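Trainee: Generate a structure from the sequence data that follows.
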Amino acid sequence: KNYFDFLAQNRVKSFYMSEEQMLIHRKMLNIEESKQMVISSCFTKKDWDVLDEIAANRECDKGRYAIISGNSPYQQLAKGTQEAIEHCYINQIPYEVLPYETDYKKFLHNVSEYKGLCYLPLVADTCARISIEARILGLSLCINKKVLQWRESWWRGSVEETKEYILGRPKVFWGQINGQ
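Mentor: Next comes the predicted model:
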């Protein structure tokens, strides 16, 4: 038997970032639905405090869309940086490519200054954290179907519904781990 067969037969529960990711694995690995659960992206209390602080003081002085740049050629490719540039250019959407930033608070503050975020990854982004952060910060979004949470109810609802859902996920995860 191979490793995947072993995992499929012996797992108690598999956790996923999005429904789409879960469905892909269910088909590929033949996993029972009862052994799968979507957790999504998890944020710490500190992350939410930073998001709330920046959102409360947001001054969108740039009428452009932000495009995320990676810190390597692979990241730029995976994040679809060039595709986002081309999309904005073709559709006459003013944009600016943000340089890679490692300081989380500074990065979010920089993103918050824009009207929107254009994020068109080329590879499946299981539950794109940057898209969630941008949404919570009040930015307009231009995303593609590689942002795998695009059709989930919590994502398609209000910003408050998104926030409530994401804030509740750690409790759901720990409830599953503890058998509740």
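
Trainee: So for the residue nearest the centre of the chain, what's the pLDDT?
Mentor: Geometric centre of the chain, nearest residue: residue 128, 1.6 Å, by Cα atoms, centre = their mean. Note for residue 128: predicted pLDDT of 90.

Trainee: Ok, residue 1 next?
Mentor: pLDDT at residue 1 comes out at 58.

Trainee: What residues sit buried inside the strand or helix carrying residue 160?
Mentor: Following DSSP states H and E, one finds residue 160 within helix 159-177. The neighbour-count check on helix 159-177 (16 or more other Cβ atoms under 10 Å) flags 162, 163, 165, 166, 169, 172, 173 as buried. The C-beta positions use only the backbone N, C-alpha and C, and glycine is treated the same way.

Trainee: nearest to residue 13, of those?
Mentor: residue 173 (9.8 Å; Cβ to Cβ).

Trainee: Can you tell me the closest non-neighbouring residue to the closest one?
Mentor: Once flanking residues are discounted, residue 173 sits nearest to residue 39: 5.1 Å by Cβ to Cβ, 6 or more residues apart in numbering.

Trainee: need the contact list for that neighbour.
Mentor: Contacts for residue 39 (Cβ atoms under 8 Å, 6 or more residues apart in numbering) come out as 15, 16, 17, 169, 172, 173.

Trainee: Neighbours of residue 91, how many?
Mentor: For residue 91, the neighbour count with other Cβ atoms under 10 Å is 11.

Trainee: and if you look at residue 121?
Mentor: Residue 121: 23 surrounding residues under other Cβ under 10 Å.

Trainee: Please identify the helix or strand for it.
Mentor: Here residue 121 is assigned to no helix or strand, by DSSP H and E.

Trainee: Next up, the contacts around residue 154.
Mentor: Contacts for residue 154 (Cβ under 8 Å, 6+ apart) come out as 40, 161, 162, 165, 166.

Trainee: I figured the third one was touching residue 134, is that so?
Mentor: What that stands for is residue 162. No. Residue 162 lies out of contact with residue 134 (Cβ atoms under 8 Å); the separation is 11.1 Å.

Trainee: on that earlier part again, nearest to residue 53, out of the contacts of residue 39: which one, please.
Mentor: Closest to residue 53 out of the contacts of residue 39 is residue 169 (21.3 Å), distances taken as Cβ to Cβ.
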